[in-house]
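**Q** Dropping the sequence and predicted coords here.
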Amino acid sequence: METLPTNILITGPPGVGKTTVIKKLCAQVAYLNPVGFYTEEIRERGVRKGFALVSLDGRRSILSHVDIRSHHRVGKYGVDIAAFERFLDTIDFNGPATGLIVIDEIGKMECLSPKFQTLLTRWLDAEKRLMATVAFKGGGVIDQTKNRADVRLLQVTPKSRDGLPACIAEMLAGE
């Protein structure tokens, strides 16, 4: 049987369902005690206004919003790096029971944080398994992460997204 790299990344264009894959996968591999976070759109009257962070145990924080005044910006969104870093501090990524680290996502907003970049390298190099979404496009840390030898990169498409959580769960169980 082919051994799976320690780190599994999924990518695809915005809106294809990467976060949905992550959430479904976490439910299927609860026995691994996954720890981490996913992102959600903040919508007001049907219009996307920003992005929230949600830990796998349900705690929430704001990552970005059109109303945040910050010199850290991605498009129309101000990014609250300090709030993101405080949020990361509340998650016990290194707990002894943690069998899977889950990150949604390795993207432009998240990579504005030096702390996130340091933690990301630590997580990628760790013995623990990492499951993450990664931006479809982007240079620097995003490209470096996708091109690591210990990464298996899977593409989410409208055709593959429904079966992908079970496929990844099977890979994780086969290790």
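**A** That came through fine. Numbering: from 1, shown residues only.
**Q** Where in this protein is the helix or strand with the lowest mean pLDDT?
**A** helix 164-174 (a mean of 90; mean pLDDT, DSSP states H and E).
**Q** Once you drop chain neighbours, what's closest to the spatially most central residue of the chain?
**A** In the chain, the centroid-proximal residue (Cα atoms, centre = their mean) is Asp104; its distance is 1.7 Å. What sits nearest to Asp104 in space, not counting adjacent residues and going by Cβ to Cβ, 6 or more residues apart in numbering, is Tyr38, at 3.9 Å. C-beta here means a position set from N, CA and C on the backbone, and glycine is covered the same way.
**Q** Now do the contacts for the one you found.
**A** Contacts of Tyr38 were listed using Cβ atoms under 8 Å, 6 or more residues apart in numbering, and they are 19, 22-23, 53-54, 56, 102, 104.
**Q** Please repeat the previous calculation with a cut-off of 7 Å.
**A** 19, 22-23, 54, 104 (Cβ atoms under 7 Å, 6 or more residues apart in numbering).
**Q** can you give me the strands for the protein?
**A** Listed in chain order, the strands of the chain (DSSP state E) span 7-11, 34-44, 47-55, 60-65, 73-74, 77-79, 100-106, 129-134, 151-155.
**Q** Can you list the strands that the last one pairs with?
**A** The pairing partners recorded for strand 151-155 under DSSP bridges are strand 7-11 (parallel).
**Q** Over to the shortest one?
**A** Based on DSSP bridges, the pairing partners of strand 73-74 within the sheet are strand 77-79 (antiparallel).
**Q** And the contacts of the strand it pairs with?
**A** Contact with strand 77-79 is made by 50, 63-66, 68-70, 72-73, 109, 112, as judged by Cβ under 7 Å, 6+ apart.
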